[in-house]
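>>> Fold the stuff below for me.
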Amino acid sequence: MSQVIHWTDRTSLHQDPTAEIVRHFSWERWLVPGAQLQDSDWAITGPDTALVIDNDSITNNGLYSTFRLKGGTLGATYAISNSIETDETPAQKDKKSITVVIGNE
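This next block holds a predicted model:
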């Protein structure tokens, strides 16, 4: 089970603290035709370090920033941010964030 999320469609995610879900954040609508992601870095801000991002990569021909999200403290809210750089000349850089709410699903 995995989930594709377009930055323009969502402002928050809800996740069970025991879930380990692969998510694909699509930059497709933001990129100009022919451009691809060259670099992608993730950061988490929250009340603790219980929420973890791992297995991150660039997928779908350079259009998705893919990662697995796991853990988190029940009732906590976190912000995850994805900073990217494109393969264009000059390279374009951007950062998008989304809220993650940990609750029993």
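>>> so where does Thr89 fall, helix or strand?
Applying DSSP states H and E as the criterion places Thr89 outside every helix and strand.
>>> Contact partners for Pro47?
Contacts for Pro47 were tallied using CB atoms under 8 Å, 6 or more residues apart in numbering; they are 73, 76-78. The C-beta positions use only the backbone N, C-alpha and C, and glycine is treated the same way.
>>> mind showing which ranges of this structure have poor pLDDT?
In the predicted model, the chain carries pLDDT under 70 at residues 1-2, 6-10, 105.
>>> follow-up on the earlier one: among the contacts of Pro47, name the buried ones.
76-78 (16 or more other CB atoms under 10 Å).
>>> Would you mind measuring from the residue lying closest to Val52 once chain neighbours are set aside to Thr77?
Taking CB to CB, 6 or more residues apart in numbering as the measure, Val52 lies nearest to Gly71, with 4.9 Å between them; neighbours along the chain are not counted. Shown here: Gly71 relative to Thr77, a distance of 14 Å by CB to CB, to the nearest Å.
>>> Strands of the protein, residue ranges please.
Defined through DSSP state E, the strands belonging to the chain, from first to last, are 2-6, 12-15, 20-26, 37-45, 51-59, 64-71, 77-86, 93-102.
>>> Can you say which of the ones you listed is packed in most?
With neighbours taken as mean count of other CB atoms under 10 Å, these reach their highest mean count in strand 64-71, at a mean of 20.
>>> And for that one, what's in contact with it?
With CB under 8 Å, 6+ apart, strand 64-71 has contacts from 4, 13, 15, 17, 19-28, 37, 40, 42, 50-60, 80, 82, 84, 100.
>>> With stretch 27-35 instead?
With contacts defined as CB under 8 Å, 6+ apart, stretch 27-35 is touched by 6-8, 37, 60, 62-65, 84, 86-88, 92, 94.
>>> circling back: rebuild the contacts of Pro47 as TSV, extending it with distance to Pro33.
Supplementary listing: these in TSV, determined by distance: CB to CB, whole Å:
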residue	distance to Pro33
Thr73	42
Ala76	39
Thr77	36
Tyr78	34
